[in-house]
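K.L.:
Let me see the structure of the following:
(one chain, ligands or ions: 1)
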Amino acid sequence: MPMQEFDPTEYAPETVAVRAGYRRTAEGEHSEAIFPTSSFVFGSAAEAAARFSGEQPGNIYSRFTNPTVRTFEQRLAAMEGGEACVATASGMAAILATFMGLLRGGDHVVCSRSVFGTTTVLLNNYLVRFGVEVTYVPLSNVDAWSEATRPNTRLYFCETPSNPLGELVDIRALAALAQARGVLLAVDNCFCTPALQRPLALGADLVIHSATKFLDGQGRCLGGAVVGDAERVGKDVYGFLRSAGPTLAPFNAWVFLKGLETLHLRMRAHSENALALARWLDVHPAVTAVHYPGLVDHPQHALAKAQQQGFGGVLSFEVAGGRAAAWSVIDATRMLSITANLGDTKSTITHPATTTHGRLEPDQREVQGITEGLVRVAVGLEAMADLQADLARGLDRLA
Ligand SMILES: *Cc1c(COP(=O)(O)O)cnc(C)c1O
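P.N.:
A predicted model of the protein is given here:
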């Protein structure tokens, strides 16, 4: 019997997330099979030679390709609208593979100031050793990106919306600038996922993921991915990865595949919960500010509405009384998990100034708006009444 072929271009995004990328095996299984094998067997010495020389396509070794990993790659590529996707052992491995695949000594990177902390560590402590130069700019100010651009600038790197303040950059405007200046634009799409934002359609060249967050969605596995065109991602990034080795394990790829199947539903639910919680916090007497792009008074609310299909699951708020007050709200919770992870069905609460952003100098933190009274909540899928009650325990005492 001929195999049914699924052509993602004929289907809506929700359908692509459920079905793209899989070729059923001869067993006729309905759920995707896992292939936990390090190597693959050849029919003859001649076939082995043909595979190794590249004359014949096919699997050789799981550091290069693996069927479960490939299904995840093809599904995510279809969801992001990219030609190629390369899966990695973690989000940081995706960022490393992007830098190593695309940059060389003497290249210059312009990076948003508000990217994931470890991304700046990777650039400042490691990439600079190989002669890569970096300039940091405020995320939303496209003129600042333009001014920072030099003749040797090769890459713009940003994350939108930002963590934990939910700042945005106009991806279309930044992509236009990148194209005009002959620079590649990479967007870390971890917070929105393709369910809420598709940077490639807005003109970006590369999309980066930490699959550890919303793509998994239940806090189980580490993984990452880079999506883009066949040349940069399919050859340059993949070439680094197959040589250096931080590839995704088949079991983790399978967990992420299951995560992608419910991604649209979950992102909608995370966004609804986050908006409801943001509105509740906004009128709480102990809360002095709420940062969430879904609130109408957020400075980039209109851009978020135009650029995203939802506002996402992460918000932050401020209380008067600095660190002691923020910690008291966190410590008064009984249900929320005190952890820096995000993108989980379980809501998490953290104090950015002393955890995710603790490595920054105090003046740098101030520039970035990470005050001592700031608390971040990655809103999960629990009932709103329970989330409010858990936060009210500490907030009501401050009010
Ligand atoms: C977590 C995270 C990363 C790093 O991903 P890991 O899977 O932890 O390596 C990169 N970017 C963003 C925005 C993240 O939240």
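K.L.:
C-alpha from now on. contacts and neighbour counts both.
P.N.:
Fine.
K.L.:
Model confidence for the residue in the chain that the ligand sits nearest to, exactly?
P.N.:
When scored by CA to the nearest ligand atom, the chain has residue 91 as its residue closest to the ligand, at 3.3 Å. Residue 91 carries a pLDDT score of 98 in this model.
K.L.:
Tally up the residues packed near it, please.
P.N.:
Residue 91 is flanked by 24 other residues according to other CA atoms under 10 Å.
K.L.:
can I assume it is in contact with residue 215?
P.N.:
No: counting by CA atoms under 8 Å, residue 91 stays clear of residue 215, with 11.3 Å between them.
K.L.:
picking up where we left off before, report the contact partners of the residue of the chain closest to the ligand.
P.N.:
Contact analysis of residue 91 by CA atoms under 8 Å, 6 or more residues apart in numbering lists 208, 209, 210, 211, 212, 222, 223, 224, 225.
K.L.:
redo that, cut-off 10 Å
P.N.:
Contacts of residue 91 were listed using CA atoms under 10 Å, 6 or more residues apart in numbering, and they are 97, 119, 188, 190, 208-213, 222-226.
K.L.:
Strands along the stretch 151-300 of the chain, start to end?
P.N.:
153-159, 184-188, 206-210, 224-228, 287-291 (DSSP state E, counting those that start in this stretch).
K.L.:
how about JSON lines for those, with mean pLDDT, distance to the ligand and mean neighbour count added?
P.N.:
What follows is the strands of the stretch 151-300 of the chain, written out as JSON lines (pLDDT from 0 to 100; distance: least, CA to the nearest ligand atom, whole Å; neighbours: other CA atoms under 10 Å):
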{"stretch": "strand 153-159", "mean pLDDT": "98", "distance to the ligand": "6", "mean neighbour count": "25"}
{"stretch": "strand 184-188", "mean pLDDT": "98", "distance to the ligand": "6", "mean neighbour count": "24"}
{"stretch": "strand 206-210", "mean pLDDT": "98", "distance to the ligand": "4", "mean neighbour count": "28"}
{"stretch": "strand 224-228", "mean pLDDT": "98", "distance to the ligand": "6", "mean neighbour count": "29"}
{"stretch": "strand 287-291", "mean pLDDT": "98", "distance to the ligand": "17", "mean neighbour count": "20"}
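K.L.:
Present the ones you listed as JSON lines; the columns should include distance to residue 81.
P.N.:
Shown next, in JSON lines, are these (distance: least, CA to CA, whole Å):
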{"stretch": "strand 153-159", "distance to residue 81": "18"}
{"stretch": "strand 184-188", "distance to residue 81": "14"}
{"stretch": "strand 206-210", "distance to residue 81": "10"}
{"stretch": "strand 224-228", "distance to residue 81": "8"}
{"stretch": "strand 287-291", "distance to residue 81": "30"}
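K.L.:
count of residues packed around the residue nearest to residue 22 when sequence neighbours are not counted?
P.N.:
Nearest non-adjacent residue to residue 22, counting by CA to CA, 6 or more residues apart in numbering: residue 71, 5.4 Å away. Residue 71: 22 surrounding residues under other CA under 10 Å.
K.L.:
Equivalent analysis for residue 67, please.
P.N.:
Taking other CA under 10 Å as the definition, residue 67 ends up with a neighbour count of 21.
K.L.:
Tell me how far it lies from residue 111.
P.N.:
Distance, residue 67 to residue 111, using CA to CA, to the nearest Å: 34 Å.
K.L.:
May I see the domains of the chain written out as residue ranges?
P.N.:
The chain breaks down into these domains under automatic domain parsing: 8-261, 264-398.
K.L.:
ok, the closest residue to residue 150 other than its chain neighbours to residue 73 distance?
P.N.:
In space, and not counting its chain neighbours, residue 150 is closest to residue 108: 7.5 Å by CA to CA, 6+ apart. Applying CA to CA, the value for residue 108 to residue 73 is 29 Å.
K.L.:
Please, which helix or strand holds the nearest residue to residue 51 once chain neighbours are set aside?
P.N.:
Ranked by CA to CA, 6+ apart and with sequence neighbours excluded, the top spatial neighbour of residue 51 is residue 57, at 6.1 Å. Secondary structure from DSSP states H and E places residue 57 outside every helix and strand.
K.L.:
and after the lowest-mean-pLDDT helix or strand in the chain, which helix or strand comes next?
P.N.:
When each helix and strand of the chain is scored by mean pLDDT, DSSP states H and E, helix 362-368 comes last, with a mean of 86. Counting by DSSP H and E, the next helix or strand C-terminal to helix 362-368 is strand 374-378.
K.L.:
what about residue 315, which SS state?
P.N.:
strand (DSSP: H, G, I helix; E, B strand; the rest coil).
K.L.:
again with residue 87
P.N.:
Residue 87 - assigned by three-state DSSP - is strand.
K.L.:
How confident was the prediction at it?
P.N.:
Reported pLDDT for residue 87: 98.
K.L.:
Contact partners for the residue lying closest to it once chain neighbours are set aside?
P.N.:
Nearest in space to residue 87, with sequence neighbours left out and distances taken as CA to CA, 6+ apart, is residue 225 at 4.2 Å. Applying CA under 10 Å, 6+ apart to residue 225 gives the contacts 72-73, 76-77, 85-95, 97-98, 188, 207-211, 247-248.
K.L.:
before we move on, the earlier item: are there residues contacting both of residue 91 and residue 215? Which ones?
P.N.:
By CA under 10 Å, 6+ apart, the residues touching both residue 91 and residue 215 are 190, 209, 223, 224.
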